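Colleague: Here's my sequence, what's the structure:
(2 chains)
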There are 2 protein chains.
Amino acid sequence: MTPPPFFTLEATDGAARAGWLATPHGRVATPVFQPVGTQGTVKGLLPAQLEDAGVTMLLGNTYHLHLRPGEAVVARLGGLHRFMAWPHPILTDSGGFQVFSLAKLRRVTDGGVDFQSHIDGSTLHLSPESATRIQNTLGADVIMAFDECAPYPCERDHAERAMRRTLAWARRCQQAHERAADQALFAIVQGSVFDDLRRECAERLVDMDFPGYAIGGVSVGEGDDLMYQALDTTVPLLPAAKPRYLMGVGTPENLLECIERGVDMFDCIMPTRNARGAGAFTPHGKVRLRNLRHREDPRPLDPTCDCTTCRTFSRGALRHFFMVREMTAAILVTLHNVTFYQRLMRHAREAILQGRFAPFKAAFLERYAQGEDTTPQ
Amino acid sequence: MTPPPFFTLEATDGAARAGWLATPHGRVATPVFQPVGTQGTVKGLLPAQLEDAGVTMLLGNTYHLHLRPGEAVVARLGGLHRFMAWPHPILTDSGGFQVFSLAKLRRVTDGGVDFQSHIDGSTLHLSPESATRIQNTLGADVIMAFDECAPYPCERDHAERAMRRTLAWARRCQQAHERAADQALFAIVQGSVFDDLRRECAERLVDMDFPGYAIGGVSVGEGDDLMYQALDTTVPLLPAAKPRYLMGVGTPENLLECIERGVDMFDCIMPTRNARGAGAFTPHGKVRLRNLRHREDPRPLDPTCDCTTCRTFSRGALRHFFMVREMTAAILVTLHNVTFYQRLMRHAREAILQGRFAPFKAAFLERYAQGEDTTPQ
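Modeller: Below is the predicted model:
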């Protein structure tokens, strides 16, 4: 029996796409937003709460899981799905991004990267082969090629070296990959803000025929316009039959802009990290829950939201939980923000299926930019 | 129509009792253990998780809620039940215990207590009248008289003064109480470790005819034996038709010893605070989840437990969450510990109803004291 194709394109609306990923742990409707479960858990939420929020796929961080508890421990505890108690699809990144953003004293060679753990300073090494082996051991449904993520700003020389290394490493990841039957290995397009480098990287990776392609090296400080430009350069070169994944993005506005440019998959800490800082996403923009104006407000955070937080707690109670530093505050707003992000993706998908993505996006962005009416009640 | 009696005694087994509290927010089977929701939330758990854990009644702390957000804010947000999103019974303490344990620079007079907030040092005053008024405003189902809790150890003179003040204040609380129709006001028996003081306090309070009686001034460092002695002195003097509440207790062993001595109600931070420190309660004693022996243990924390934690996460995963300081760790073990405490109370109740409390208690304590078999698997 032939397995189902990994990705099925269901509909397009301009460049925007609605599709399906088929993984060993179930199907995922795209566009999909993956909350981040860095260390084996989405901070503050249990699996059942993630399901209630509409989450269908999670991201785990290879760098963090390699450091603690180590992929061998995860494997002995039954693999990443069992470890996280998440029986649905999971994607792991390659560790590359964290090596370049968190670790200290890096030395990059063609062989790989020597670096010091940000936890205890111990010396570690990641290479295309070891990053792939670690991800094979963790057992996620989608795994990522080990890449060199250039910083921003970055000289063209540096960006070009990183891009060529990323190409060579992608090939080595492909060769090292031992679970191609049940783990889809995605390659990552680098090239910083240089259109010709992005183009060359995309074309060469497409020739290598990966089951999916990520656009990496964005959301590193270059700003929205350069990020959209990287997409405008890269996405048209990627095959229509393969999913496109934009790593580490982003705000609600970013998601809609990038869906419009043909991106199928996203991950970001934005809904979860903002929640812990008392920032809540609503159809009328971001709400700062520590603001005094919420103190005696008996209304829900978002009356149009059906999450537990909005169904049961007042803004006044949420503000209080933040002011007295109760973890219940982070839990409740994380639950809401993740629900908000998932609903946004669901609505975007419906709009694509109905051929009305552009007006949907315009209406959302107009209301979102407007902000709340903060006239005292 | 006459309201149902506040307390109904269903069965006794020796001095142990099974009964029912009838409150405006529902009935509660006794013996009952109330998890502590100090600042309007049980740390880490949402109301639905508390319900799943079998919780029927919560405790809120008047001192903390008076400081932040203030009872007026709680009232404007719909009262304490609405504020906490807990539509079931709630008990508030009087604030007395926190004034004597947390606040600074106290001055106690017959009028009340002047103290400094432990949050910002502001000068505050609590009296029998204001503590009752605050609790009337918060709106719990059971409220507590404002008492003077003597420290341990304590000179007899001091204990006697505090006891007499507690008696005078109980009367003033009774007179100040404005919601006797829907809030049951309990008096608190003080007297430190002096049997004659305890006896006098109990007898005088019983003469004042409160709907329930608490034994206070225990669990302040006097040790289990002196606490049991205080119960042995006090409980026989309390009317059988009124519930008895032991404040701030305790370990699983304490609960069974005190149920055997006729106590109906408990509250304690033990299951929740221990959980945050990686201490988990099991039928085989307390388990320290940071211990290295759990690192690769794929088994549940307690295979006989039906809570989400035990149904879905391995000990290895729980240990990892503690080692990397994920709040998921505290959430999962709080859920388990609260479930454990509620199950213990349910089993105690069933044993009383079936007239087998003594053997039930003996079997539980034997297994609990034995500890886990820590032979490497």
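
Colleague: got the residues of the stretch 101-250 of chain A near chain B?
Modeller: Proximity of the stretch 101-250 of chain A to chain B (C-beta under 8 Å from any C-beta of the partner chain) involves no residue at all. Every C-beta, even on glycine, is put in place using the N, C-alpha and C of the backbone.

Colleague: All the strands of the stretch 101-250 of chain A, residue numbers only.
Modeller: Under the criterion DSSP state E, counting those that start in this stretch, the stretch 101-250 of chain A carries strands at the ranges A:104-108, A:113-116, A:123-126, A:142-144, A:184-189, A:212-215, A:244-246.

Colleague: Please identify the helix or strand for the residue nearest to the spatial centre of chain A.
Modeller: For chain A, residue A:267 is the residue whose C-alpha lies nearest the centre (C-alpha atoms, centre = their mean; 1.1 Å). Per DSSP states H and E: residue A:267 is located in strand A:265-268.

Colleague: what's the following helix or strand after that strand?
Modeller: Criterion used, DSSP H and E; the element after strand A:265-268 is helix A:270-276.

Colleague: Can you give me the buried ones in stretch A:213-228?
Modeller: A:213-220, A:222, A:224, A:227-228 (16 or more other C-beta atoms under 10 Å in any protein chain shown).

Colleague: between the residues you listed, which is nearest chain B?
Modeller: Distance to chain B across the buried residues of stretch A:213-228 (C-beta to the nearest C-beta) is lowest for residue A:219, with 23.8 Å.

Colleague: partner residues bridging the residue nearest to the centre of chain A?
Modeller: According to DSSP bridges, the partner residues bridging residue A:267 are residue A:34, residue A:249.

Colleague: Quick check: it touching residue A:31?
Modeller: No. Assessed by C-beta atoms under 8 Å, residue A:267 is found out of contact with residue A:31, at 11.9 Å.

Colleague: show me where the stretch 201-350 of chain A has helices.
Modeller: According to DSSP state H, counting those that start in this stretch, the stretch 201-350 of chain A carries its helices in the segments A:224-234, A:252-260, A:270-276, A:308-312, A:315-323, A:327-353.

Colleague: and residue A:90, what does it touch?
Modeller: For residue A:90, the contact set (C-beta atoms under 8 Å, 6 or more residues apart in numbering or on different chains) comprises A:25, A:37, A:57-60, A:80-81, A:84, A:140-142.

Colleague: For those, could you give me TSV that also reports pLDDT and distance to residue B:70?
Modeller: Below are these laid out as TSV (pLDDT from 0 to 100; distance: C-beta to C-beta, whole Å):
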residue	pLDDT	distance to residue B:70
A:25	98	49
A:37	97	38
A:57	98	43
A:58	98	40
A:59	98	41
A:60	98	43
A:80	98	46
A:81	98	46
A:84	98	41
A:140	98	48
A:141	98	50
A:142	98	50
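
Colleague: for the strand holding residue A:267, what is the average pLDDT?
Modeller: Averaging pLDDT along strand A:265-268 yields 98.

Colleague: distance between it and the chain's centre?
Modeller: 2 Å (C-alpha atoms, centre = their mean, to the nearest Å).

Colleague: by contact count, what packs against that strand?
Modeller: In terms of contacts (3 or more C-beta pairs under 8 Å, 6 or more residues apart in numbering or on different chains; DSSP states H and E), strand A:265-268 is packed against strand A:32-35, strand A:244-246.

Colleague: which other residues reach the longest one?
Modeller: Residues outside strand A:32-35 that contact it (C-beta under 8 Å, 6+ apart) are A:21, A:42, A:45, A:50, A:55-59, A:91, A:255, A:264-268, A:271-272, A:338, A:341-342, A:344-345.

Colleague: what's the following helix or strand after it?
Modeller: Helices and strands here follow DSSP H and E; after strand A:32-35, the next one along the chain is helix A:47-52.

Colleague: And that following helix, what does it pack against?
Modeller: helix A:327-353.

Colleague: Listing partners with orientation, what would you give for the worst-scoring helix or strand of chain A on mean pLDDT?
Modeller: Here the helix or strand of chain A ranked lowest by mean pLDDT, DSSP states H and E is strand A:104-108, holding a mean of 83. Take DSSP bridges as the rule and strand A:104-108 pairs in its sheet with strand A:113-116 (antiparallel).

Colleague: Extract the C-alpha trace of the partner strand and format it as PDB.
Modeller: Output of strand A:113-116 as PDB, limited to C-alpha atoms (Å, rounded to 0.1, in the frame of the first residue of the first chain):
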ATOM      1  CA  VAL A 113      29.200  23.900  15.300                       C
ATOM      2  CA  ASP A 114      31.100  23.700  18.500                       C
ATOM      3  CA  PHE A 115      29.400  25.700  21.300                       C
ATOM      4  CA  GLN A 116      28.900  26.000  25.000                       C
END
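
Colleague: now it, how far from the centre of its chain.
Modeller: The answer for strand A:113-116 is 24 Å, by C-alpha atoms, centre = their mean.

Colleague: Need the nearest residue in space to residue A:345, chain neighbours excluded.
Modeller: residue A:33 (4.8 Å; C-beta to C-beta, 6 or more residues apart in numbering or on different chains).

Colleague: What distance do you get for the one you found to residue B:181?
Modeller: The gap separating residue A:33 from residue B:181 is 51 Å, by C-beta to C-beta, to the nearest Å.

Colleague: rewinding a little: will you turn the helices of the stretch 201-350 of chain A into TSV that also has distance to residue B:191?
Modeller: Output for the helices of the stretch 201-350 of chain A, formatted as TSV (distance: least, C-beta to C-beta, whole Å):
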stretch	distance to residue B:191
helix A:224-234	70
helix A:252-260	62
helix A:270-276	47
helix A:308-312	42
helix A:315-323	37
helix A:327-353	37
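
Colleague: Which among those helices is found nearest to residue B:245?
Modeller: Minimum separation from residue B:245 across the helices of the stretch 201-350 of chain A (C-beta to C-beta) falls at helix A:327-353, 25.7 Å.

Colleague: and the angle for the closest one with helix A:252-260?
Modeller: Taking axes from the mean of the first three to the mean of the last three C-alpha atoms, to 10 degrees, one finds helix A:327-353 and helix A:252-260 inclined to each other by 30 degrees.

Colleague: Please identify the buried residues of the very next helix or strand once past helix A:327-353?
Modeller: Toward the C-terminal end, the helix or strand that comes next after helix A:327-353 (DSSP H and E) is helix A:357-370. Judged by neighbour count using 16+ other C-beta under 10 Å, the buried positions of helix A:357-370 are A:357, A:360-361, A:364, A:368.

Colleague: Equivalent analysis for stretch A:343-357, please.
Modeller: Buried-residue list, stretch A:343-357, by 16+ other C-beta under 10 Å: A:343-346, A:348-349, A:351-352, A:357.

Colleague: For the buried residues of helix A:357-370, work out which two are farthest apart.
Modeller: A:357 and A:368 (15.7 Å).

Colleague: Would you convert the buried residues of stretch A:343-357 into JSON lines that also reports pLDDT?
Modeller: Shown next, in JSON lines, are the buried residues of stretch A:343-357 (pLDDT from 0 to 100):
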{"residue": "A:343", "pLDDT": "98"}
{"residue": "A:344", "pLDDT": "98"}
{"residue": "A:345", "pLDDT": "98"}
{"residue": "A:346", "pLDDT": "98"}
{"residue": "A:348", "pLDDT": "98"}
{"residue": "A:349", "pLDDT": "98"}
{"residue": "A:351", "pLDDT": "98"}
{"residue": "A:352", "pLDDT": "98"}
{"residue": "A:357", "pLDDT": "98"}
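
Colleague: Mean pLDDT and mean neighbour count for the helices and strands packed on strand A:265-268 - can I get that in JSON lines?
Modeller: Output for the helices and strands packed on strand A:265-268, formatted as JSON lines (pLDDT from 0 to 100; neighbours: other C-beta atoms under 10 Å in any protein chain shown):
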{"stretch": "strand A:32-35", "mean pLDDT": "98", "mean neighbour count": "25"}
{"stretch": "strand A:244-246", "mean pLDDT": "98", "mean neighbour count": "26"}
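
Colleague: Quick one: those as a markdown table, columns for distance to residue A:318 too.
Modeller: Converted to a markdown table, those look like this (distance: least, C-beta to C-beta, whole Å):
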| stretch | distance to residue A:318 |
| --- | --- |
| strand A:32-35 | 20 |
| strand A:244-246 | 31 |
